[in-house]
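S.K.: here is the input, now give the coordinates:
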Amino acid sequence: MRSARHELDSQANRILTRSRRFMVGSALIVVVVDALTKGLAASHGTVHRNPGMSFGLLADTPWLATIVSTLALIAVGWAAWRWVRNTADALGWGLILGGAVGNALDRYVQTSSSGVVDWISIPGYPAYFNIADVAIRLGAVIVIARLSWSAFRRPAVIRSEQLVTTDRE
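M.R.: Here you go, the predicted structure:
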């Protein structure tokens, strides 16, 4: 007979596995949509190549931008795998991971000097961007909102020594 603790552990593992699958699926969708839209934009000649990172940072040293983005991708992958606990977390981390992989593929597949393909331009916005960039930002908003909501809902912890007064009457 299974214990209640074993049953809870089993249920938690199923939820974790389902959340991680959802995260990986979300990331794959972002990678595919990003690649397709970049291909369509390139076929119409409406692309801008960014050898650097967001807003052209490290554009003069594309090799450094590649190293930094690779390290960021590894850190995001580790954090996402470790911290995803539910569907909302999975969606946020999946969007960030998918966007990071989409831009990393541009860096690795293209020659290192050509950089990431950006094709979206909004009047008044100072930079070109792509679907991967949108996914990263949207995912970050979701993750930050989830972390903030979790902190807001978590009851304050009062240590026992805080309850002891120094006044002894």
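S.K.: following element in sequence after the strand or helix carrying Ala42, please.
M.R.: Here Ala42 sits within helix 4-43, counting by DSSP states H and E. Using DSSP H and E, the helix or strand that follows helix 4-43 towards the C-terminus is strand 48-50.
S.K.: run the chain-centre distance for the helix or strand following that next one.
M.R.: Using DSSP H and E, the next helix or strand after strand 48-50 towards the C-terminus is helix 62-83. In terms of C-alpha atoms, centre = their mean, to the nearest Å, the centre of helix 62-83 is set 10 Å apart from its chain centre.
S.K.: the chain should start at 52 in everything you say after this.
M.R.: Got it, the first residue is 52 from now on, which makes the last one we talked about helix 113-134.
S.K.: circling back: residues of the helix holding Ala93 that come out buried?
M.R.: The neighbour-count check on helix 55-94 (16 or more other C-beta atoms under 10 Å) flags 70-71, 73-75, 77-78, 81-82, 84-86, 88-89, 92 as buried. To be clear about C-beta, it is placed using only N, CA and C from the backbone, and glycine gets the same treatment.
S.K.: same thing with stretch 130-144?
M.R.: Quick answer for stretch 130-144 (16+ other C-beta under 10 Å): Ala131, Val135, Ala139, Asp140, Ala141, Leu142, Gly143, Trp144.
S.K.: so what's the residue lying closest to the fourth one once chain neighbours are set aside up against?
M.R.: Meaning Asp140. Of all residues not flanking Asp140 in the chain, Arg197 sits nearest, at 5.8 Å (C-beta to C-beta, 6 or more residues apart in numbering). Residues near Arg197 by C-beta atoms under 8 Å, 6 or more residues apart in numbering: Ala139, Asp140, Gly143.
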